[in-house]
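**Q** Sequence and predicted structure below; questions after.
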Amino acid sequence: MSTLSSENIDRILSYLPYFEDEQAEKFKMSDTSVIGPYVYDDKVVQFLKELYEEDIVLDFDWAGWRDEAATYFKDIDLIREANLETVRKLFTTIVRVERLVNGLVAEMIRTGVITDLLQRLQEVRSEAGH
């Protein structure tokens, strides 16, 4: 697992207010998009890009971990107790699956998982005293 700096985490956490804002249109459906029915707001696209740039995304067997990830996606209490590595694995799974199947990010936004993960990342950062 690569080491994250507090600056890496802070850049990702800068998106928390955006994802907490229920009025912001983060995605829409399109009949004309060639990449899939979900078209993401520019800020969502930038967030996904920064997950890579800030070393949140891990190089691990995310495909073999999808069933475990699904348990977290269904249970907010598990996310609230997740450690940094698990938060990173969950973000990794989301962005990797989105590359294969357009719409997972939209579902994770709609159900609040992205916001929950960012809130947990903020807690983990505070707990670590960074």
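**A** That came through, no problem.
**Q** for stretch 52-67, the distance to its chain's centre please.
**A** 11 Å (Cα atoms, centre = their mean, to the nearest Å).
**Q** low pLDDT regions in the chain?
**A** 1-2, 32-35, 129-130 (pLDDT under 70).
**Q** Let's see that with 80 instead.
**A** The model of the chain has pLDDT under 80 over residues 1-3, 31-36, 128-130.
**Q** What are the boundaries of the strands in it?
**A** 27-29, 38-40 (DSSP state E).
**Q** Tell me which strands the first one pairs with, and in which orientation.
**A** The reference is to strand 27-29. With DSSP bridges as the test, strand 27-29 is paired with strand 38-40 (antiparallel).
**Q** Mean neighbour count, the strands of the chain: which tops it?
**A** Most buried of the strands of the chain, by mean neighbour count (mean count of other Cβ atoms under 10 Å): strand 38-40, with a mean of 19. Just so you know, the C-beta spots here come from the backbone N, C-alpha and C atoms, and that holds for glycine as well.
**Q** which residues are in contact with that one?
**A** Strand 38-40 is contacted from outside by 26, 27, 28, 29, 30, 33, 48, 102, 103, 105, 106, using Cβ atoms under 8 Å, 6 or more residues apart in numbering.
**Q** In TSV: those, plus distance to residue 95.
**A** Formatted as TSV, the contacts of strand 38-40 follow (distance: Cβ to Cβ, whole Å):
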residue	distance to residue 95
26	15
27	15
28	20
29	20
30	20
33	18
48	6
102	12
103	13
105	8
106	13
